[in-house]
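Asks: need coordinates for the below:
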Amino acid sequence: MLGSQNSSIFMQKNNGNNADYSDKNLSEYLDLYTKFKLKVEKAKELKLDTIGALMSELDGYRKQLASSYLIDKEVTDFLLHELYTRTKEDVMFSHIFIPVQEGSPKAVIDEAKNKLMTVKTKISSGMSFEDAAKEYSQDKTTASKGGNMGFFTAKLPSGFYALESAISPSTRTSF
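Replies: Okay, the predicted model is just below:
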């Protein structure tokens, strides 16, 4: 499966927005990618990977791929500026937590959404956020504190970028 993911990445890189992910094209591209990997392994068996000129050419390909995948100055500069801006202010964060397991069936996701919409309606009708959190949040640690999770500064742990953006003063949205 990893080979399939890698071939898909290379297919996207080689074809850009014109990449066609139909089963037929993915199969053809995976076949080409597999043949390429087999050629590389055969070259290693024949010790062709020890020839200076070939090593230099391969290193050039690696650097070219790495620079396009790993070093995007514009994105890096944007993220660094965003992080720097976020470090200037602490944000108090409260939530009402209704858990949904990753990969849950649509019915389970819809049920959680309906619960949250009910809570939103109650808050819009005058119920305080704190009371709603105490009654509906399934995060027992923060529910008793009205959903209050405390203060956050700048970067949240990996995987929480959307949440970090939602609570950031510069991009805060009301739900």
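
Asks: would you map out the domains in the chain?
Replies: According to automatic domain parsing, the chain comprises the domains 2-71, 90-167.

Asks: what's the span of the last one from first residue to last?
Replies: This means domain 90-167. 10 Å (Cα to Cα, to the nearest Å).

Asks: show me what the mean pLDDT comes to for it.
Replies: Domain 90-167 carries an average pLDDT of 90.

Asks: what's the answer for stretch 25-38, then?
Replies: pLDDT averaged over stretch 25-38 gives 81.

Asks: buried set for that stretch?
Replies: Buried residues in stretch 25-38, defined by neighbour count with 16 or more other Cβ atoms under 10 Å: 26, 29, 30, 33. (Each C-beta comes from the backbone N, C-alpha and C, glycine too.)

Asks: make JSON lines out of these and add distance to residue 158 and secondary structure.
Replies: Formatted as JSON lines, those follow (distance: Cβ to Cβ, whole Å; DSSP: H, G, I helix; E, B strand; the rest coil):
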{"residue": "26", "distance to residue 158": "29", "secondary structure": "helix"}
{"residue": "29", "distance to residue 158": "30", "secondary structure": "helix"}
{"residue": "30", "distance to residue 158": "30", "secondary structure": "helix"}
{"residue": "33", "distance to residue 158": "29", "secondary structure": "helix"}
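
Asks: what is the nearest of those to residue 144?
Replies: Nearest to residue 144 out of these is residue 26 (Cβ to Cβ; 50.5 Å).

Asks: please tell me how far that closest one sits from residue 83.
Replies: 36 Å (Cβ to Cβ, to the nearest Å).

Asks: swap in residue 111?
Replies: 36 Å.

Asks: cool, and residue 97?
Replies: Taking Cβ to Cβ, one finds residue 97 at 25 Å from residue 83.

Asks: okay, these two: which has more neighbours?
Replies: residue 97 (16 against 12; other Cβ atoms under 10 Å).
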